[in-house]
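[1] Pasting a predicted model and its sequence here:
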Amino acid sequence: MNAVHYARAFSTLEHQFVIAILVPSGMRTEYQRIVYQSECVKSSNVRFSPIFLLAPDESLRNLCNPFVLIHDLAAITRTIGAFKPHAIIAKYVIHAYPLIVLKTVLKFALFVIVSGGDLYHHRSVIWRTIRRIIYSRSRAIFTVAERLKSEIRRESGYDAVVFPTGSDPDFFRPIPGRELRNKYGYTTEDFVILTVSQLLERKRLDDVIRACKILKDDGCGGVRAIIVGDGPELTKLKRLSAELGLAENVVFTGLVDRTTKLELFNVADVYAIPSYQEGLPFSLMEAMSCACICIGANVGDISVAIQDGINGFLISPCQPQMLAERIEHIMNLPREESLSIRRQARQTIVERFDFAKSTRAMIETVSKSLEIEH
């Protein structure tokens, strides 16, 4: 999905872009579902060219299988050779190590984008060494958050340039009226909590369900939750909903297209992101852009976007009781205070987190680097 976000932003620029997604074996179906069913951008200057791998995942143990290694390196080489790019921007840095070998031979400039997952899910000495090597061979290092910039400097001594994630405020916008509630089967008496996420353990979506149970037990019978996304925690989350007697209160939609996300952000009274590990999530930016009141765990760079009590609310991670209390607080807010928080949320995105502007600045940095070279 990150590739789709970048593709839409690239479509507003003048350069030609190829989105070459590394697709591990066994994930072709998921690739098709996400890219081709997510209202994927169609633009004359952006095209998708997936690189289908034999490797099942990004583990270094794949390098120990010569057949897999040769096949996948050849697939990457063919794609780069076919398009002959002036520059490659690698997202994520942990996937960039084949490019270190190929950049000299195929004559392209390498730039890398570092995400939270690059650092927090790959902490071993081997991965830290690989990252340092990649940084040393890259023209520039980009990252999406100030916190990650500090982590990169602390780990490796290299400086990164921050180009934050964000939203398209022209698309993700408030939609007035009650028609959307009727469309999705909710009444004005329902209080709707939304989350849009991969269904992973670190996202703590079970806290949303547990918070609904707490609120229901406290007499808030109109609380409803919509959980958008797919992932390995789906069965567990559905089972938890049933065990807590919330099967009718919690809806699992699976993956949805961009227009449906826009509508659900406008249906929701609250957007919740209770993860114990995050960067600066696109979904949070989109929800704020739609003037939805957001509750975010105070982790990663979420506090860079959310000012507690001003344009949203912060909570401690892994605290469903605190989440429930904050939701109940929002339910009881005076109308003018609620409207003020919503206006401030959208204004934050418009002024500071317009993703098209951020991406344009990143590409201008790449272009200037290439101009200096020539």
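    In hand now; what should we look at?
[2] Please parse this protein into its domains.
    As recorded under automatic domain parsing, the domains making up the chain are 2-166+355-373, 179-352.
[3] average pLDDT across the first one?
    pLDDT averaged over domain 2-166+355-373 equals 88, rounded to a whole number.
[4] so of the domains of the chain, which one's packed in deepest?
    Of all the domains of the chain, domain 179-352 has the most neighbours on average by mean count of other CB atoms under 10 Å, namely a mean of 19. In this view, the C-beta of every residue, glycine as well, is placed from N, C-alpha and C.
[5] any idea of the mean pLDDT for that one?
    95.
[6] picking up where we left off before, I'd like to know which of the domains of the chain lies nearest to residue 172.
    domain 179-352 (3.9 Å; CB to CB).
[7] got a list of what residue 52 touches?
    Shown in contact with residue 52 (CB atoms under 8 Å, 6 or more residues apart in numbering): 23, 25, 28, 75.
[8] Now do it against residue 107, distance only.
    25 Å (CB to CB, to the nearest Å).
[9] quick one on the thing from earlier: possible to save the domains of the chain as a markdown table with distance to residue 173?
    Shown next, in a markdown table, are these (distance: least, CB to CB, whole Å):
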| stretch | distance to residue 173 |
| --- | --- |
| domain 2-166+355-373 | 14 |
| domain 179-352 | 6 |
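[10] so what's residue 295 up against?
    270-274, 312-315, 323, 326-327, 330 are the contacts of residue 295 under CB under 8 Å, 6+ apart.
[11] Drop everything from these that is not in strands and list the rest.
    If you go by DSSP state E, the contacts of residue 295 have 270-273, 313-315 in strands.
[12] In contact with residue 146, which residues?
    By CB under 8 Å, 6+ apart, the contact list for residue 146 reads 162, 301, 304.
[13] whoops, I mixed them up, residue 156
    128, 131-132, 135.
[14] same thing with residue 68?
    Residue 68 touches 53-55, 62, counting by CB under 8 Å, 6+ apart.
[15] mind running it again at 6 Å?
    By CB atoms under 6 Å, 6 or more residues apart in numbering, residue 68 lies in contact with 54-55, 62.
[16] now it: how far from residue 118?
    22 Å.
[17] Check residue 298 too.
    For residue 298, the distance to residue 118 - CB to CB - is 22 Å.
[18] Likewise for residue 321?
    For residue 321 relative to residue 118 (CB to CB), the value is 33 Å.
[19] which residue ranges form the strands in the stretch 201-350 of the chain?
    Listed from the start of the chain, the stretch 201-350 of the chain has strands (DSSP state E, counting those that start in this stretch) covering 223-228, 250-254, 270-273, 293-297, 313-315.
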